[in-house]
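>>> here is my input, please return the structure:
(chains A and B)
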Protein chains: 2
Amino acid sequence: MKPNSKLTLIGFVAVVLAFIATVALAQDQLSSWNGGPTKQAIVDFVARVTKEGSPDFVPVPERIATFDNDGTLWAEQPMYFQFFFALDRVKALAPQHPEWKTKEPFASLLKGNVKGVLKGGERAMLEIVMATHAGMTTEEFEKIVKDWVASAKHPKTKRPYTEMVYQPMLELLAYLRANGFKTFIVSGGGVEFMRPWTEKVYGISPEQVIGSSVKTKFEMCDDKPVLVRLPEINFIDDKAGKPVGIHQHIGRRPIAAFGNSDGDLQMLQWTTAGAGARLALIVHHTDADREWAYDRKSSFGRLDKALDEAKAKGWTVVDMKNDWKVVFPFEGE
Amino acid sequence: MKPNSKLTLIGFVAVVLAFIATVALAQDQLSSWNGGPTKQAIVDFVARVTKEGSPDFVPVPERIATFDNDGTLWAEQPMYFQFFFALDRVKALAPQHPEWKTKEPFASLLKGNVKGVLKGGERAMLEIVMATHAGMTTEEFEKIVKDWVASAKHPKTKRPYTEMVYQPMLELLAYLRANGFKTFIVSGGGVEFMRPWTEKVYGISPEQVIGSSVKTKFEMCDDKPVLVRLPEINFIDDKAGKPVGIHQHIGRRPIAAFGNSDGDLQMLQWTTAGAGARLALIVHHTDADREWAYDRKSSFGRLDKALDEAKAKGWTVVDMKNDWKVVFPFEGE
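So this is what the prediction gives:
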């Protein structure tokens, strides 16, 4: 045997062994999902696209799956977690901004009147985001996010926000990756608000996170290059922005997409419009006991048009109450 | 032995075998590089960051390497290949644009006066790019690029442009990937001009290509969602734009970067400013016989400030004439 053939053989044996291990482990990977049509739709789709020789077979590099974050991978009630971050930042920065005492939306916020802030609508939120998410280097912002994630607690559960992720979705991410999928986050949330923790929490590396962003500027600061975050929107990765963000970042169409609100509608349309087998899945929040129950009337994560389209198009809708054995990983504690 | 331990053991054996195969194959992976300080700098760097327990060890997910394209992975003379594409598109579209006969820069171009077009500077090139790169869906543009790449020939070598890639750099890409690196393109060229062929030619998938872009818009067209390319610049991924593009897209700092011109200077600065071992490499075009020889005075791929900084900072500079046994893959034919 020539040295090269020997290496090829060793490589082949390694691949076969890895495959056996993967298949055996995969069978149990969706253990927090109750049996039924929802779980079956997921397993059937994965079987179709991964079976060599099947008409729906998809080569590994094209197995792209995109996940919304707020309300799909982690909770989003009583409001988007990034808003809690922004509000905490306003409080932390208030001593440096005496003018905020009389300037809306900061004045309401500092008096604890969050509803007053939300009345200011998108414009008020944008002002708060710009005041708290810009004006520092990218490295400084990363540290601010990491510190907040390590210390902040959700008002209802008193848990760190990064524990309020959905156990069945964590299993789904791992299951897809075990089947050769590349998993991406495609969120309306700030990309740099997610990247510092998505690898640890979801197993999704920074380069596979797509989100909204502010513009940044390259500068030399004391002979050291830095990227400064500017108070100017670069991209809003929501609604019709999601397919745009996907195309900009990934450059090919996903074959599976996962969302929970009208903000995900265009991503699901874009994904399902491709040829071959496609999976479009919507997480429907139906569990007021273990999580929250909301859809058509919610201020955060409104699910209305996308729910109608899911029914019309036969997309998979997760009934959280009935399809999930467990919602949060900490429930068993 | 419990089933899980057995699976873990099989997985472990698979990893060990894969590792042995990788190491043995890697030794011969830079065979088009002459021995000497340049090749040694590359091999030493890779050894330092991949050796477990070494102070310079870098975990696999953080082994990010970014490559410029024009002049670094493929040639860029007598002008950027994307300009040839744009000029060919102007000719193809001319029948639909009778006004171009008298309108600059199109009039000069259609008369074959390329120098006249270049005199119009950036503004003329931008007009040509917008006229030829926008106004269609992303799928239509992808097909246009694929058709052109399959048929167009370089004026000097009469080879397809995708054959005018540097053999030593192809080996370097593969060598880095075999050592756990993720390889990205970070080019001033159009991202959608590169993505249709980078996977096949460089082994770099679309989601690892970063480049300049036009804005796109999500629309429903006969009930089918499309992304329409608009005649408006979205992002210029050149000079100070490169670190910005890297941060937007990858979200972490590369530990190795490869360029050939002043357009890559900020990417190299950004890469080397991180802590730990770093590799900054510049391809210096010194071979007028096999390729082209140019640097400080060239209109395309000018290498001036970055050459000075490379000397001052001790970056690795490839002397193409002396460091490369082979330039193009077709030389042996």
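
>>> which helix or strand contains the residue in the stretch 51-200 of chain A positioned nearest to chain B?
Nearest to chain B in the stretch 51-200 of chain A, going by C-beta to the nearest C-beta, is residue A:195, at a distance of 4.5 Å. For the C-beta atoms, the positions are set from N, CA and C on the backbone; glycine is no exception. Assessed by DSSP states H and E, residue A:195 sits inside helix A:191-202.

>>> what sits up against that helix?
Applying C-beta atoms under 8 Å, 6 or more residues apart in numbering or on different chains, the external contacts of helix A:191-202 come out as A:69, A:73, A:82, A:85, A:133, A:138, A:141-142, A:145-146, A:149, A:162, A:165, A:170, A:173, A:183, A:185, A:187, A:204-206, A:209-213, A:229, A:237, B:61, B:248, B:251-252.

>>> helices of the stretch 101-250 of chain A, start to end?
Secondary structure of the stretch 101-250 of chain A (DSSP state H, counting those that start in this stretch): helices at A:106-110, A:114-119, A:121-133, A:138-151, A:167-178, A:191-202, A:241-249.

>>> around the spatially closest residue to residue A:160 that is not a sequence neighbour, how many other residues sit close by?
Leaving aside its sequence neighbours, residue A:160 sits nearest to residue A:153 (C-beta to C-beta, 6 or more residues apart in numbering or on different chains; 6.3 Å). By the criterion of other C-beta atoms under 10 Å in any protein chain shown, residue A:153 has 12 neighbours.

>>> do the same with residue A:151
The burial count for residue A:151: 9, using other C-beta under 10 Å.

>>> how near is it to residue A:161?
10 Å (C-beta to C-beta, to the nearest Å).

>>> one more: residue A:62?
With C-beta to C-beta as the criterion, residue A:62 and residue A:161 are 33 Å apart.

>>> for the stretch 101-250 of chain A, what lies in contact range of chain B?
A:138, A:182, A:191-192, A:195, A:199, A:205-209, A:213, A:216-218, A:220, A:224-225, A:227, A:234, A:240-241, A:243-244, A:247-250 (C-beta under 8 Å from any C-beta of the partner chain).

>>> and these, which are buried?
Applying 16 or more other C-beta atoms under 10 Å in any protein chain shown to these, the neighbour count classes A:138, A:182, A:191-192, A:195, A:199, A:205-209, A:213, A:216, A:218, A:225, A:227, A:234, A:240-241, A:243-244, A:247-250 as buried.

>>> for residue A:268, what are its contacts?
For residue A:268, counting by C-beta under 8 Å, 6+ apart, the contacting residues are A:257, A:259, A:280, A:282, A:306, A:309-310, A:315.

>>> got the contact list for the residue nearest to residue A:228 when sequence neighbours are not counted?
Setting aside the residues directly before and after it, residue A:228 is nearest to residue A:217 in space (C-beta to C-beta, 6+ apart), at 5.0 Å. For residue A:217, the contacting residues are A:227-228, A:230, B:240, B:244, by C-beta under 8 Å, 6+ apart.

>>> let's see 7 Å
When contacts are counted by C-beta atoms under 7 Å, 6 or more residues apart in numbering or on different chains, residue A:217 touches A:227-228, A:230.

>>> may I see those residues arranged in TSV, with distance to residue A:276 and pLDDT as well?
Formatted as TSV, these follow (distance: C-beta to C-beta, whole Å; pLDDT from 0 to 100):
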residue	distance to residue A:276	pLDDT
A:227	39	98
A:228	44	98
A:230	41	97
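
>>> residue A:164 is in contact with residue A:328, correct?
Yes - with contacts counted by C-beta atoms under 7 Å, residue A:328 reaches residue A:164, the gap being 6.2 Å.

>>> would you map the strands across chain A?
A:64-67, A:182-190, A:209-221, A:224-235, A:256-259, A:279-286, A:293-294, A:316-319 (DSSP state E).

>>> against which helices or strands is the fourth one packed?
Read it as strand A:224-235. Applying 3 or more C-beta pairs under 7 Å, 6 or more residues apart in numbering or on different chains; DSSP states H and E, one finds that strand A:224-235 contacts helix A:138-151, strand A:209-221, helix B:241-249, helix B:265-272.

>>> make CSV out of those and add mean pLDDT and distance to residue A:321.
Formatted as CSV, the helices and strands packed on strand A:224-235 follow (pLDDT from 0 to 100; distance: least, C-beta to C-beta, whole Å):
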stretch, mean pLDDT, distance to residue A:321
helix A:138-151, 98, 29
strand A:209-221, 97, 29
helix B:241-249, 98, 39
helix B:265-272, 98, 49
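
>>> okay if I get these as CSV plus distance to residue A:99?
Converted to CSV, those look like this (distance: least, C-beta to C-beta, whole Å):
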stretch, distance to residue A:99
helix A:138-151, 22
strand A:209-221, 22
helix B:241-249, 31
helix B:265-272, 35
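
>>> against residue A:138, how distant is the residue of the stretch 101-250 of chain A found nearest chain B?
Proximity of the stretch 101-250 of chain A to chain B (C-beta to the nearest C-beta) peaks at residue A:206, 3.2 Å away. Distance of residue A:206 to residue A:138, computed by C-beta to C-beta: 11 Å.

>>> next: residue A:117.
According to C-beta to C-beta, residue A:117 and residue A:138 sit 27 Å apart.

>>> please apply the same query to residue A:158.
For residue A:158, the distance to residue A:138 equals 31 Å [C-beta to C-beta].

>>> please apply the same query to residue A:234.
According to C-beta to C-beta, residue A:234 and residue A:138 sit 13 Å apart.

>>> swap in residue A:101?
Residue A:101 is 30 Å from residue A:138, by C-beta to C-beta.
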